[in-house]
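*Asks:* Sequence and predicted structure, then a few things I'm wondering about:
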Amino acid sequence: MRRREPALDDTIQAIRCGSGRVLHALVVRAQRGDSDAAVTAIWALLPRLAAVVISRLPIQEWHCAIDDYVTFAYLTIVDVDADKPPFLLADKIISRTRRRYERAIEIESVVLCEPGILAAVGPADNDVEERVLAIVRVNEVVRAVRGGLLEKHAWDTLLRTRFGSEPGTVSARERKTVSRAQRRLVEWSAEAA
C-alpha cells in the first residue's frame, strides 16, 4: 500500500495525532467499499486498540483479543454514522469496538433442567406439527385439571416444583403431592390414548 500511496505515513500520523477529518474521510471511503481505506484506518487506530486490550485483559488473552478487536473495529467503521461531524470519531470507534468485543465474549448463564422437562418445554427441532400437537396436549391437560382430575392446590404445587422452585427446596409433603398429581396425570394420559 505504501508504494501506491506515498502519503500513507502522513495519513496515519495525522490520525494518530487526532485528526478527525482524515479519519472521517477514510471511514466514508471504507463504507463505500474501499478496503484499503478500512485497513488504513484500522492501522492508524491499532496502537490505541492494543492499549485497550493490554489494559483490560490478562496477557494470555492478548493475541486472540487483538485479532477480535481488529475484526470488530472493521465492523464498527462500516457501521459508524458518517453523516455526523468527525469530532472524537476515533474515540467513538475505539469505545464501540470495545463494547462489541465485550458483548461477544459475555457468557450467558446456563440453566440446568431434567431431560424430561427439556423435552416437554423445548422441542429438539422446530417442527410446526409437533408444536401444534404439544399445544393441543397441554390444553387437554388444562381442561382435565379444570374438570377436577386434580385439586387446584396439587396442580399449583406441581407447576411450582417443576418450573419455579430451586433444587432441594421442596418439602417432603410437597414431593408427595407432586408425585400423586404426576401419577394421576400419567394415568389420565394413558386412558386418553
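*Replies:* Nice, thanks for sending it over.

*Asks:* Where do the domain boundaries of the chain fall?
*Replies:* With automatic domain parsing serving as the domain definition, the record reports that the chain contains domains spanning 8-105, 115-192.

*Asks:* Now mean pLDDT and mean neighbour count too, for the ones you listed, in CSV please.
*Replies:* Where C-beta positions appear, they are placed from N, C-alpha and C, glycine not excepted. Compiled in CSV, those are given as follows (pLDDT from 0 to 100; neighbours: other C-beta atoms under 10 Å):
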stretch, mean pLDDT, mean neighbour count
domain 8-105, 90, 16
domain 115-192, 69, 12
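
*Asks:* what's the closest non-adjacent residue to Leu57?
*Replies:* Ala65 (5.2 Å; C-beta to C-beta, 6 or more residues apart in numbering).

*Asks:* In contact with that neighbour, which residues?
*Replies:* 53, 57, 101 (C-beta atoms under 8 Å, 6 or more residues apart in numbering).

*Asks:* any idea how far Pro47 is from the second one?
*Replies:* Between Leu57 and Pro47 the computed distance is 16 Å (C-beta to C-beta, to the nearest Å).

*Asks:* what does the first one give?
*Replies:* Look at Val53 and Pro47: by C-beta to C-beta, they are 11 Å apart.

*Asks:* so the residue nearest to Leu57, which of the three states?
*Replies:* Ala65 carries the three-state label helix when classified by DSSP: H, G, I helix; E, B strand; the rest coil.

*Asks:* Fine by me, we can end here.
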